[in-house]
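Colleague: Fold the following and give me the result.
(chains A and B)
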Amino acid sequence: MVSTTQPKYQIIELDPDTNTKLKLYLFKNVQNVEMIRDNIIHGVWKCTGIKPGLIIDPFQVAVAANKAVLDEKRDAMVTRSVYTEILYNLSATKNISQSLLKFGIHKDMHILFCFLVTEDQDTSSEIIPKIEGEMCSMKDLSKFTSFEETKHVYKLNHLKGNERLLDLIVSKMATKAFVTH
Amino acid sequence: MDESEPQLLKQGAEARVYICKYLGKQTIIKERFQKKYRHPDLDIEIVKERIRNEARSILRCKYANIRTPALYLVDFERRKIYMEYLATNITVKDFVIKHGSANEHFDTIAKMIGQTLRKLHDYNIVHGDLTSSNMLIIPKVQNDGDWFDPAWLAKGQVELVMIDFGLSYIDASVEDKGVDLYVLERALLSTHSNYENLFETILEAYKTANPKGGVEETISKFEEVRARGRKRTMIG
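Modeller: The predicted model follows:
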């Protein structure tokens, strides 16, 4: 296989007041999940791993990460770190442990890695080489998405079709502080 | 033009609406500015409550299968709601002015409005500011340009989007729904005085949209409000 020089990660600029960018990498068939999970949980690695099965679009993660960095800046986070806050914000409910369990990684083979990078900090260059798996293009994300499971997690089982799914998911995420979903 | 710099789109009595690139997308930012005549603490509470109501109604519409902008961030600290920008759109107001009632799609639009308002009220959402500027017609699939082709209507390729829920609230009362319809009638009469049948067509579609019925009370309330005006009489 010819290696491509095109970067496979995706970068999304978050709120301008935070000067932070979200950097996403998608990996499949990861062999060292346990080691990765340990490092993330103990805060050794400044990143988080998300189950790609529940992500229908990188924008979904951007909305969660954006609120996380804003709340970190304002000292208004619900969880202990900005990375767990991303997992919490992805969920439509206020149950912290359930949110982290659902969106975080356990024994998953496929992982969506999120890094929050600034002008002077980007930990992805140290961490990414330690992932024993196959890096995929972000365009392949939909191959890992389980629409059925996603709809179930966001309590949108009744929804016909998937056209409005992203709209509903991000809107639920954005309102969960004052609406019970 | 720097897209990350907010461009003022509209200035109202309560809020300013900007368009800005945010999280990689064109985004509408609605900012409720401070009212200097209010006590600051009271002002914050009022603004919070209105932002909450607006976001709640927008979300509730989605459950009612009414298209509304997607919400990206509800920011009480900055008094802003960040939401989806629908590039290809025409307001019902501009559509009526531009194409007039001679347009073959005039009826289609009026019926869409009636059906949408019925769904809104069946879900107990009172809009509070129904005008033809607060309804957008958009193609089901957004294109890259910002032009609107009326031919899409014939093919059923358009959707009605409800916007500006700044005065909305959730309420089951027939009185408030009746007033909602009355506000629309008055707004249409002043904006589109030459098309008297517009509201009648909307109302007809409103009545028949849900075969389960249950609309008679709202309609009779509406007629009552129409006879007396929006304000309830305080005499007696």
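Colleague: Could the C-alpha coordinates of stretch B:195-206 be exported in PDB?
Modeller: Output of stretch B:195-206 as PDB, limited to C-alpha atoms (Å, rounded to 0.1, in the frame of the first residue of the first chain):
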ATOM      1  CA  TYR B 195     -54.300  39.200  -0.500                       C
ATOM      2  CA  GLU B 196     -57.300  38.800   1.700                       C
ATOM      3  CA  ASN B 197     -57.700  35.100   1.000                       C
ATOM      4  CA  LEU B 198     -54.200  34.300   2.400                       C
ATOM      5  CA  PHE B 199     -55.300  34.000   6.000                       C
ATOM      6  CA  GLU B 200     -58.600  32.300   5.100                       C
ATOM      7  CA  THR B 201     -56.600  29.500   3.200                       C
ATOM      8  CA  ILE B 202     -54.300  29.200   6.100                       C
ATOM      9  CA  LEU B 203     -57.100  28.900   8.600                       C
ATOM     10  CA  GLU B 204     -59.000  26.300   6.500                       C
ATOM     11  CA  ALA B 205     -55.800  24.200   6.400                       C
ATOM     12  CA  TYR B 206     -55.400  24.700  10.100                       C
END
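Colleague: ok now do residue 95, which residues does it touch?
Modeller: No chain specified, so I'll use chain A. Applying CB atoms under 8 Å, 6 or more residues apart in numbering or on different chains to A:N95 gives no contacts. For glycine as for every other residue, the C-beta is placed from the backbone atoms N, C-alpha and C.
Colleague: let's do chain B instead
Modeller: Contact analysis of B:F95 by CB under 8 Å, 6+ apart lists B:I109, B:I137, B:F148, B:P150.
Colleague: filter the residues you listed down to the ones near chain A?
Modeller: Near chain A, taking CB under 8 Å from any CB of the partner chain as the test, no member of the contacts of B:F95 is found.
Colleague: quick one: which of the residues you listed is nearest to chain A?
Modeller: Set against chain A, the nearest of these by CB to the nearest CB is B:I137 (17.4 Å).
Colleague: Assumed that closest one was part of a strand.
Modeller: Yes: assessed by DSSP: H, G, I helix; E, B strand; the rest coil, B:I137 belongs to a strand.
Colleague: what about it, neighbour count?
Modeller: Residues within reach of B:I137, counting by other CB atoms under 10 Å in any protein chain shown, total 24.
Colleague: thinking again about what came up before, and the contacts of B:F95, which is the shakiest by pLDDT?
Modeller: Ranked by pLDDT, the contacts of B:F95 bottom out at B:F148 (70).
Colleague: quick one: that residue is in a helix?
Modeller: No: assigned with three-state DSSP, B:F148 falls outside any helix and is coil.
Colleague: is it true that it touches B:Q157?
Modeller: No: the pair B:F148 / B:Q157 is not scored as a contact, 11.2 Å apart, by CB atoms under 8 Å.
Colleague: Overlap in contacts, the two.
Modeller: B:P139.
Colleague: more crowded one of the two?
Modeller: Between B:F148 and B:Q157, counting by other CB under 10 Å, B:F148 is the more crowded of the two (20 against 13).
Colleague: Is the closest residue to that one other than its chain neighbours bridged to anything, and to what?
Modeller: Once flanking residues are discounted, B:F148 sits nearest to B:I90: 4.3 Å by CB to CB, 6 or more residues apart in numbering or on different chains. Taking DSSP bridges as the rule, B:I90 bridges to B:I137.
Colleague: For B:I19, see how far away B:I90 is.
Modeller: 16 Å (CB to CB, to the nearest Å).
Colleague: Next: A:K67.
Modeller: 21 Å.
Colleague: Which one of the two is surrounded by more residues?
Modeller: Here A:K67 and B:I19 are set side by side on neighbour count (other CB under 10 Å), and the busier one is A:K67, at 27 against 17.
Colleague: buried set for the strand or helix carrying that one?
Modeller: Assigned by DSSP states H and E, A:K67 belongs to helix A:58-73. If you call a residue buried by 16 or more other CB atoms under 10 Å in any protein chain shown, then helix A:58-73 has these buried ones: A:58-72.
Colleague: Would you enumerate the residues in contact with the nearest residue to B:Y182 once chain neighbours are set aside?
Modeller: With CB to CB, 6+ apart as the criterion, B:Y182 has its nearest non-adjacent residue at 4.6 Å, and that residue is B:V225. Neighbouring residues of B:V225 by CB under 8 Å, 6+ apart: B:E175, B:G178, B:V179, B:L181, B:Y182.
Colleague: Give me the subset of those lying in helices.
Modeller: Judged by DSSP state H, the contacts of B:V225 include B:E175, B:G178, B:V179, B:L181, B:Y182 as members of helices.
Colleague: after the helix-or-strand element of chain B with minimal mean pLDDT, next one along is what?
Modeller: In chain B, no helix or strand scores lower on mean pLDDT, DSSP states H and E than helix B:151-154, which sits at a mean of 74. Next in sequence after helix B:151-154, counting helices and strands by DSSP H and E, comes strand B:158-162.
Colleague: Return the mean pLDDT over that following strand, rounded to an integer.
Modeller: 94.
Colleague: So what touches it?
Modeller: B:61, B:66-69, B:86, B:89, B:92, B:109, B:112-113, B:116, B:120, B:127, B:134-140, B:152.
Colleague: Make a ChimeraX selection of whichever of those turn out to be buried.
Modeller: The buried subset of the contacts of strand B:158-162, as determined by 16+ other CB under 10 Å, is captured in ChimeraX by this line:
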select /B:61,66,67,68,69,86,89,92,109,112,113,116,120,127,134,135,136,137,138,139,152
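Colleague: For B:R50, grab the count of nearby residues.
Modeller: With other CB under 10 Å as criterion, B:R50 counts 20.
Colleague: hang on, the earlier thing: nearest to chain B among the buried residues of helix A:58-73?
Modeller: So of these, ranked by how close each gets to chain B (CB to the nearest CB), first place is A:A62, at 4.7 Å.
Colleague: How far off centre is the least confident helix or strand of chain B?
Modeller: 22 Å (CA atoms, centre = their mean, to the nearest Å).
Colleague: Go through that helix and flag the buried ones.
Modeller: Across helix B:151-154, burial judged by 16+ other CB under 10 Å covers B:W152, B:L153.
Colleague: Show me the two of the contacts of B:F95 that sit farthest apart.
Modeller: Of all pairs drawn from the contacts of B:F95, the widest gap by CB to CB lies between B:I109 and B:F148 and measures 12.0 Å.
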